[in-house]
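Engineer: this is a predicted model, with the sequence first.
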Amino acid sequence: MQVKDFNLKQTLECGQCFNFEQIYSGASDEPEICEYKYIVVHAKRMLVVSQKGTELCFENATDEDIRKIWVPYFDLDRDYSEIKESIIKADERLRPVIEEYYGIRILNQEFVETLISFIISQNSNIPRIKKTIRALSERYGNEIGEYEGKKYYSFPELSELDKISEENFRELKTGFRALYLRCAVDAMKGGGINEAALKGMSFQEAKERLCTIKGVGDKVANCVLLFGLGFRGAFPVDVWIKRVMQKLYVPDEARAERLSEKGMEIFGEYGGYAQQYLFVFARNMR
DNA sequence: TCCCAGGTAGATC
DNA sequence: GATCTACATGGG
């Protein structure tokens, strides 16, 4: 299918998701001639997906899956021109980043996977986060496909996660996060954390509820709200966002939570999108 | 060996 | 309240 404002590489590799693998990358990053192929694991499916220019190809998906699973996952139903205009209107300095990273979209990920993944992400780095999630899926998920001799596994569903003890989580090299992961699973198994209920709450309410989980603070809660619950105004603040927010807007503010609120004030309902562009801005700023 | 990695909880000032 | 530090692990 033809796509605009979409780049597979930028979308997958901007740090919002971890359950994918690059199979092929062409030489150029130019929009018209870019060429990539990835394996993406989501919703108990293994997708082989490639992009060449503005042509996006779901190589092994049924039409029904494309419509019901993959178009929503990649957020392809949404018109990004208005989003971009709104962000540039809020701050003209972001125009160059938005033009360069024209193809970042915010994925609609599964709630359980998002919560678990971002607990794993704390004080870690992307290669290791991906490795841990792969190990977790291999050990407790199900085989869902094979590509060039390599097997792929679904992210474990809640009932499967519930079989994993804190000790088992430790065996997956999650370190001090093992306790947090076990607490999160308990919370989702009748401990007050319910996807439908969270979606029905206000942003503030849902964030506070998520933060009742031991090991979930403001940053992880914002990521879960943004990537796993559809709160597009959410504004996660990590070290990079902290730096860029201080540089551009509030030099004297050191509290991450206040910087998050500030971001939401500046960009409103598009806070989450702005945050993604600011993230690449910050990483290029050095 | 030391430092850092898309943080958080708990202690201390 | 703001600031400091331990927390596991792996890679540069």
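Structural biologist: That came through, no problem.
Engineer: helix or strand for the residue of the stretch 51-200 of chain A found nearest DNA strand C, which one?
Structural biologist: The minimum distance from the stretch 51-200 of chain A to DNA strand C, using Cβ to the nearest atom of the strand, falls at A:Gly175 (2.5 Å). No exception for glycine: its C-beta is placed from N, CA and C like everyone else's. No secondary structure element spans A:Gly175, as it lies outside all helices and strands (assigned by DSSP states H and E).
Engineer: pLDDT value on it, please?
Structural biologist: As predicted, A:Gly175 sits at a pLDDT of 97.
Engineer: where's it relative to A:Phe169, distance?
Structural biologist: Here A:Gly175 is placed at a distance of 9 Å from A:Phe169 (Cβ to Cβ, to the nearest Å).
Engineer: neighbour count winner among those two?
Structural biologist: Under the neighbour definition other Cβ atoms under 10 Å, A:Gly175 and A:Phe169 were set side by side, and A:Phe169 has more, 23 against 13.
Engineer: pretty sure that one is touching A:Ala184, no?
Structural biologist: No: A:Phe169 is not in contact with A:Ala184 according to Cβ atoms under 8 Å; the separation is 10.2 Å.
Engineer: could you pull up phi and psi at the residue of the stretch 51-200 of chain A closest to DNA strand C?
Structural biologist: Geometry field for A:Gly175 lists phi and psi as phi 60, psi -130, criterion degrees, to the nearest 10.
Engineer: what about A:Asn118, which helix or strand?
Structural biologist: Careful, residue A:118 is Phe and not Asn. Assigned by DSSP H and E, A:Phe118 falls in helix A:111-121.
Engineer: which elements pack onto that helix?
Structural biologist: The contact analysis (3 or more Cβ pairs under 8 Å, 6 or more residues apart in numbering; DSSP states H and E) places helix A:111-121 against helix A:126-140, helix A:158-161, helix A:177-188, helix A:195-200, helix A:218-223.
Engineer: now do the same for A:Tyr27: its pLDDT.
Structural biologist: For the record, residue A:27 is Ala, not Tyr. Value for A:Ala27, per-residue pLDDT: 68.
Engineer: count of neighbours near A:Glu166?
Structural biologist: The burial metric for A:Glu166, expressed as a neighbour count using other Cβ under 10 Å, is 14.
Engineer: list the contacts for it?
Structural biologist: Listed by Cβ atoms under 8 Å, 6 or more residues apart in numbering, the contact partners of A:Glu166 are A:Ala178, A:Leu179, A:Leu181, A:Arg182.
Engineer: repeat the analysis, applying 7 Å as the threshold.
Structural biologist: A:Ala178, A:Leu179, A:Arg182 (Cβ atoms under 7 Å, 6 or more residues apart in numbering).
Engineer: equivalent analysis for A:Val237, please.
Structural biologist: For A:Val237, the contacting residues are A:Lys219, A:Ala256, A:Leu259, A:Ser260, taking Cβ under 7 Å, 6+ apart as the criterion.
Engineer: phi, psi of the second one?
Structural biologist: This means A:Ala256. phi -60, psi -40.
Engineer: ends of stretch A:223-242, how far apart?
Structural biologist: Stretch A:223-242 has an end-to-end distance of 15 Å (Cα to Cα, to the nearest Å).
Engineer: can it be said to contact DNA strand B?
Structural biologist: Yes: against DNA strand B, stretch A:223-242 shows contacts by Cβ under 7 Å from any atom of the strand at A:Cys223, A:Pro236, A:Val237, A:Asp238, A:Val239, A:Trp240, A:Ile241.
Engineer: make a PyMOL selection of whichever of the residues you listed turn out to be buried.
Structural biologist: Taking 16 or more other Cβ atoms under 10 Å as the burial criterion, the selection of buried members of the residues of stretch A:223-242 next to DNA strand B in PyMOL is written as:
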select buried, chain A and resi 223+236+237+238+240+241
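Engineer: how about the residues of chain A that lie near DNA strand C?
Structural biologist: Proximity of chain A to DNA strand C, by Cβ under 7 Å from any atom of the strand, involves residues A:Asn123, A:Ser124, A:Asn125, A:Pro127, A:Arg128, A:Arg170, A:Lys173, A:Gly175, A:Phe176, A:Ala254, A:Arg255.
Engineer: 10 Å instead?
Structural biologist: Within chain A, the positions lying close to DNA strand C (Cβ under 10 Å from any atom of the strand) are A:122-125, A:127-128, A:131-132, A:135, A:166, A:170-180, A:215, A:253-258.
Engineer: near DNA strand B, which of the residues you listed show up?
Structural biologist: A:122-125, A:127-128, A:175-177, A:179-180, A:215, A:256-257.
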